[in-house]
Every structure is written in structure tokens, then in C-alpha cells.
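Asker: Return a 3D structure for these sequence lines:
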Amino acid sequence: MRALPITRPLFGDVESAYLNQALISGNIAMGQMVELFEKMLHHYFAHEMHVISCSSGTAALHLALSSYDFTQYDEILVPDLAPIAVANAVAYTGARVVPVDVDLETWTISLEDCKRKISNNTAAIMPVHLYGMPCNMRALEDFAEENDLVIIEDAAQALGAKFESMPCGLMGNVGCFSFDVNKMITTAEGGCVVTHDAHLAGEIRLRRDQGQSDDKQFYHEVLGYNYRMSDLHAAIGVAQLSRIDDFIEERQTIFKRYNSVLDLPKQRQQSPEYEIAPWLYTILLENEAQRNLVATRLAEQGIETRGIFIPLHRQPMYQRPDDQFVVSSYIVDRGISLPTYVGMTAEDTTRVASAVNACIAPQMRIVARG
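Answerer: Here you go, the predicted structure:
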């Protein structure tokens, strides 16, 4: 029986054609393919804004944050349940990471806990659209405006998601995307920053290229970074982006199949009013023991699973007591992601769901509690 990975990209003749085009051109550094990829992203978002590609999603976060010149006295509100890159990008700037608990329904940053954690030093808030689930951006925008905060959106997992018809990543002051190998589309490694602010876009482009002046070669106006995307990576992105609607539609079908065959109560992110990006199908089980049982039994059958991101408060650099983060602790101890990728068949999803159902059947629950 063939193995089922948690995720994998789908490449074909389109990717090969664009890669060959980039290779034949002889210019594999940042060039025409990068320009084309940025234009295609602009068209996909269908809003007037600036798109700046870069070498990774982490680079996108760092560029967005560094363009505001935060200092060691500034505090940034960050959801506790988030990839470590979100907090690390804040730490790179010298600003202080303030972990915030998450909402039980959406698993995204809790506005109530933000109100408890805000201080006179709070300068920004970083909502993360976790697993493609949009945050309540309307409420967060009101909160940010009331407290004069910058909003930096992490939409790394949310390409294709929308809040009130607006694409995630386009509602804050600046938004960040990842095109890592496991994302909705991939450039193998890559990311981008989007913003409506022309001045901010200029600052980000400047810092992306070592802070080098457009007018004077080898003259560096600010501290910058080597965060450029290559034409080879962009060529893959151009091909992938040309098929994104098909990718999203197929992943939506996979989600619907799982919903129909898994014998689970409503143990998933809940938000009927938002348009999610179907990134990874992720569920909560009864307890940590049952989650571990499912992971072990599925691995024995060649089915890969993945736990939830370890929350920031359990990381050595940002450690805090569990009792300050009740919801994120609850989710991470029970959460597991199932294989979700373009190319999964109905038989594949049935195989995964049957294996999960066998583990959570009534006769297995005594074992799980043990």
C-alpha cells in the first residue's frame, strides 16, 4: 500500500516550461520572471496594492517589520499558536514578543486577550490566519485604530482565503505570504510582502536588496538584507499561480470528503461566515493520548500526520506558564493534521478517514484515556 504524505507539491509540464525559459534566458537572478510573478500576484489579488517578492515567508515578515524601525522598547502582540517564524521575525528587529492566547472557535488571535496584554509600549499587532482561517479583521482593525497600532498580517497559510470578500493579507498595513513547498502554491522557497502604501513598498524593496540605491551602484542607503527571489524560483511560481484556482477547488473537495466520512463532532476550526483557504485538514481529538494513538496507528499504515505548531509559550525563547494560554494549550495537545494535497483521490481520503475512525471508535476510547 502506497504511502500518503501530509502534503506535497504538484509539478508538471507548465513548471518545466517556465523553468527552461528562465534557464535559456541566462538570467537566473532576480529578473523578468520575478517581475512577471509579481504582476500575476497583483492581478490575482485584484486590488490596487504593491507586491514585493522575496526569498521566504520569514524574509517577508522580517522585511515588513524592519521597515517600521521598531526598537527594543516596542511590544508586538503575536498569537501564541503560530509558526515560530512569526515571533522570531519580531525578535530580529529587537522588539519584544508578547504572546496572546487564541480564540477557541477560529484558533486565531484572541481580541479579548489582546485587550488584557496591551500596554503603553504596544506598537503593533500580528494576526496570523492559521491553517487558512481568516481572523476577524474588522474587530482587529477597530482595536488597532483605537490604540494607534500597526497591523502586520501573516497570511502565509491563507492564499485564497477572504474576510468579507477581501483577500487575507490585504487588510492590514502590510501582509506577508509564504510560497514554501507545503503551501497552496510553491516557488520551492519564497514569499512576498503586499501593501497599499507606496512609501512603505519602496522601503521594503530597498531593504530586500541590501539597502542598495537604485541610482548609485554599491551605495547602500540603509541596513538591508539579501532577501531577493531568483528567477528560477519565480518561474515555478508563475506556473503554480496559473493553476491556483484548480488547486483550491481540489483541496476544497478533499475537505468535503473528510467532512463526510470522519466520525467526529465539530472538532475543527469553526467560522461559517469567512471564506477559508483549504490548506491542511486539521482536527482536534478527545485528548493528547488519543491524538498520539491516531498518529502512531496511521504511521504504521504509511499515513503521515502532523501535530499542531508548538505554541510560543512552550518555546525556550518565549516561555510562559501554560495557565496563561488555556486555549492554545488545549488545541495543541489535541490537534493533528491529516494528508491534504492536490492529487489525493477519494480512495485516499477514505483510507485516512477509516484509519482515524478506527482509532476513535468507542472500544478504543478506553485505550486512548490510558
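Asker: which residues in this protein form helices?
Answerer: Secondary structure of the chain, counting by DSSP state H: helices at 13-25, 32-45, 57-66, 84-92, 111-117, 137-146, 198-208, 231-241, 244-261, 288-300, 326-334, 346-360, 362-369.
Asker: which other helices and strands contact the first one?
Answerer: Applying 3 or more Cβ pairs under 8 Å, 6 or more residues apart in numbering; DSSP states H and E, one finds that helix 13-25 makes contact with helix 32-45, helix 231-241. (Each C-beta comes from the backbone N, C-alpha and C, glycine too.)
Asker: The last one to helix 32-45, inter-axis angle?
Answerer: With axes from the mean of the first three to the mean of the last three Cα atoms, to 10 degrees as the criterion, the two stretches helix 231-241 and helix 32-45 enclose an angle of 30 degrees.
Asker: between helix 231-241 and helix 244-261, how big is the angle?
Answerer: Relative orientation of helix 231-241 versus helix 244-261 (the same axes, to 10 degrees): 60 degrees.
Asker: what do you get for the longest one?
Answerer: With the same axes, to 10 degrees defining the directions, helix 32-45 sits at 50 degrees from helix 244-261.
Asker: Report the distance from helix 32-45 to the chain centre.
Answerer: Taking Cα atoms, centre = their mean, to the nearest Å, one finds helix 32-45 lying 20 Å from the centre of the chain it belongs to.
Asker: what's it packed up against?
Answerer: Using 3+ Cβ pairs under 8 Å, 6+ apart as the contact test, the elements touching helix 32-45 are helix 13-25, strand 50-54, strand 191-195, helix 231-241.
Asker: Pick the most deeply packed of these.
Answerer: Stretch with highest mean neighbour count among those: strand 191-195 (a mean of 27; mean count of other Cβ atoms under 10 Å).
Asker: and the closest residue to residue 211 other than its chain neighbours, what is it in contact with?
Answerer: In this structure, residue 211 finds its nearest non-sequential neighbour in residue 224, 2.8 Å apart by Cβ to Cβ, 6 or more residues apart in numbering. By Cβ atoms under 8 Å, 6 or more residues apart in numbering, the residues touching residue 224 are 206-212.
Asker: What separation is there between residue 224 and residue 59?
Answerer: Separation of residue 224 from residue 59 (Cβ to Cβ, to the nearest Å): 12 Å.
Asker: who touches both of the two?
Answerer: Shared contacts of residue 224 and residue 59, defined by Cβ under 8 Å, 6+ apart, are found at residue 208.
Asker: just to revisit the earlier point, list buried residues within the contacts of residue 224.
Answerer: Burial of the contacts of residue 224 was assessed by neighbour count (16 or more other Cβ atoms under 10 Å); the buried members are 206-210, 212.
Asker: Would you format these as a markdown table with distance to residue 358 and pLDDT included?
Answerer: Below are the buried ones among the contacts of residue 224 laid out as a markdown table (distance: Cβ to Cβ, whole Å; pLDDT from 0 to 100):
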| residue | distance to residue 358 | pLDDT |
| --- | --- | --- |
| 206 | 56 | 95 |
| 207 | 52 | 95 |
| 208 | 50 | 95 |
| 209 | 54 | 93 |
| 210 | 55 | 88 |
| 212 | 59 | 88 |
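Asker: now, among those residues, which is nearest to residue 160?
Answerer: Nearest to residue 160 among the buried ones among the contacts of residue 224: residue 208, at 24.4 Å, using Cβ to Cβ.
Asker: residues in contact with the residue nearest to the closest one when sequence neighbours are not counted?
Answerer: Using Cβ to Cβ, 6+ apart and skipping residues adjacent in sequence, the residue nearest residue 208 is residue 227, 4.7 Å away. Applying Cβ under 8 Å, 6+ apart to residue 227 gives the contacts 54-56, 59, 62-63, 207-209.
Asker: Which single one of these is nearest to residue 283?
Answerer: Closest approach between the contacts of residue 227 and residue 283, by Cβ to Cβ: residue 56, at 28.3 Å.
Asker: wait, isn't that closest one in contact with residue 193?
Answerer: No: counting by Cβ atoms under 8 Å, residue 56 stays clear of residue 193, with 11.4 Å between them.
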